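Trainee: Need coordinates for the following:
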Amino acid sequence: LGSLFDPVGMFAKEQLRFTAMNEIPLLVTFAMALYIPTTSVFIQYSSTMPSMLAVLVTYDYGATFFKNLQRLMGVTFGNTLPLLLMSVIELFDCTSYMRFGLHMTSIFVYYVCFTFMYYSSEHWSTIGCLIGAFGCYTLFRPCNAHLDSDFSGHYKGIAQTIIAMMLKMLVSYLLAPQEPRDLAVQTLKTAFDETEEAIKCFCEGVIEDTKGVGLEVSVQKVKKAIATCAELGPKCDPIVQMVPGTRTSFKKSLYDFALEQMHLVLGDLEMLVLAMQGHQVEHTQALVARISKDKQVEEAAKKRKAELKADAQEQKIYELMQSQRNWAQVTGDVKETTKNVFGVCYAVLQHATEEPLGGQQVQALRNMSNLTKLDGLEEFYDQISEEGKKTVKSDQAIFDDKRIVTQLRRTRIGVVANALSLLTEHCAAISAKCFEHMLYF
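Mentor: You can find the predicted model right below:
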């Protein structure tokens, strides 16, 4: 009960907005049905408007106008198309076999078409669902020889449905905190900021969760932000914008490309997490497997494994990389590239006028060269190789080493270097796309 009636969650800003966005149209339509007499399209005490809005109660993260427009189309067609089909079916007598076959075929084709639309269409599935749902009552009504007398009631119901949906669209628009494009850009900026935070944590050696901070935590936040961006993408497409207003069209192609590259950047960050976790300096499990026949030695090996802390073993890789001369150059280049590229991409997406685009990030990006190449990476490779040569092992020690290749430090450092290099390339691709939308700056 504590989690169900949590005051903090119940009175959060978004929860109050959700409540007002659905409650206000319900109360207004209920009052209209209660007090407006039966004139024109209104029928006093009719439950059509409030009940229809109650069925369509939902929460859309971000923009609601396009979703409500789809609901309006779905409900309208769901009430109109079955009525037209039944008008043709009613041309035959109730006892006619032709009527039975036509009625059965109409129902089958109707639901096959709109069910297929619901499951297969990416953007119009809501309309297909509502057309199928609201068509049930009319299509499955028993034969009635006096159907003509009920046409006016049907059309009044359709008119009331349109009025209720228009009211809901108006309230949703007035209570919307911002336009879909602004929300999408802000969410993408969150993904950018969390990516920079993840890189910062990696460069400082903070890999796992340390009081809510760390590479692993930031990667999860990046993944969540990217998922939200993908959900908001269709809602900010210029083709669904009814009245553009004074702002220039949203750069949807740049947004989609940046989101695609961020998926690749997320993969690079996950490779960093994978490379930095699970390393064992002393491979005690292999030792236990080889000498399991000797109980005393086996117990000693298990005790040694318990003494070795996983964090301390994993930290050895970071300490080795940090001790190299070019480590600061490599990490500094990654930080600078991501900061400038993300800053420019955010500025270009947010830019909504015909005025020239400027800013520190734009100027910094213009002055940078060889964005796709990570500075100091080759030298860093050479230094790691030279560090490995300092460890001298006898032939027998090499033969006795039973570690798998994924536990070797050079393998893991190679994965780290490759992930950093790819991350830089993927960010540089975003900058190239940004310049396509910066005709003058």
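Trainee: What's the separation between residue 167 and residue 74?
Mentor: Computed as C-beta to C-beta, to the nearest Å, the residue 167 to residue 74 distance reads 17 Å. For every residue, glycine as well, the C-beta is placed using N, CA and C.
Trainee: So for the two, which residue has more residues nearby?
Mentor: Just comparing residue 167 and residue 74: by other C-beta atoms under 10 Å the higher neighbour count belongs to residue 74, 24 against 18.
Trainee: Any buried residues in the one helix or strand the more buried one maps to, and which?
Mentor: Counting by DSSP states H and E, the element that carries residue 74 is helix 65-89. In terms of neighbour count (16 or more other C-beta atoms under 10 Å), helix 65-89 has its buried residues at 65-83, 85-86, 89.
Trainee: for that helix, packing partners?
Mentor: If you count contacts as 3 or more C-beta pairs under 8 Å, 6 or more residues apart in numbering; DSSP states H and E, helix 65-89 packs onto helix 97-120, helix 125-134, helix 136-139, helix 151-175.
Trainee: Using TSV, please lay out these together with distance to residue 238 and mean pLDDT.
Mentor: Formatted as TSV, the helices and strands packed on helix 65-89 follow (distance: least, C-beta to C-beta, whole Å; pLDDT from 0 to 100):
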stretch	distance to residue 238	mean pLDDT
helix 97-120	24	93
helix 125-134	20	90
helix 136-139	36	85
helix 151-175	18	83
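Trainee: Could you point out which of those helices sits nearest residue 45?
Mentor: helix 151-175 (12.3 Å; C-beta to C-beta).
Trainee: for the protein, what's the longest helix?
Mentor: helix 409-436 (DSSP state H).
Trainee: For the chain, name the helix or strand with the lowest mean pLDDT.
Mentor: The weakest-scoring helix or strand in the chain, judged by mean pLDDT, DSSP states H and E, is helix 284-290 (a mean of 45).
Trainee: Okay, and the spatially most central residue of the chain sits in which element?
Mentor: The chain has residue 227 as the residue nearest its centroid, 1.7 Å off, counting by C-alpha atoms, centre = their mean. Using DSSP H and E, the element containing residue 227 is helix 215-232.
Trainee: same question, residue 141
Mentor: Judged by DSSP H and E, residue 141 forms part of no helix or strand.
Trainee: Return stretch 102-117 as CSV; C-alpha atoms alone will do.
Mentor: Extracted in CSV, the C-alpha atoms of stretch 102-117 (Å, rounded to 0.1, in the frame of the first residue of the first chain):
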residue,chain,number,x,y,z
LEU,A,102,-22.9,-11.0,-47.1
HIS,A,103,-23.0,-10.1,-43.3
MET,A,104,-20.6,-12.9,-42.4
THR,A,105,-18.2,-12.0,-45.2
SER,A,106,-18.3,-8.3,-44.3
ILE,A,107,-17.5,-9.0,-40.6
PHE,A,108,-14.6,-11.3,-41.6
VAL,A,109,-13.0,-8.9,-44.1
TYR,A,110,-13.6,-5.9,-41.9
TYR,A,111,-11.7,-7.4,-38.9
VAL,A,112,-9.0,-9.0,-41.1
CYS,A,113,-8.1,-5.7,-42.6
PHE,A,114,-8.1,-3.6,-39.5
THR,A,115,-6.5,-6.2,-37.3
PHE,A,116,-3.7,-6.6,-39.9
MET,A,117,-3.4,-2.8,-39.9
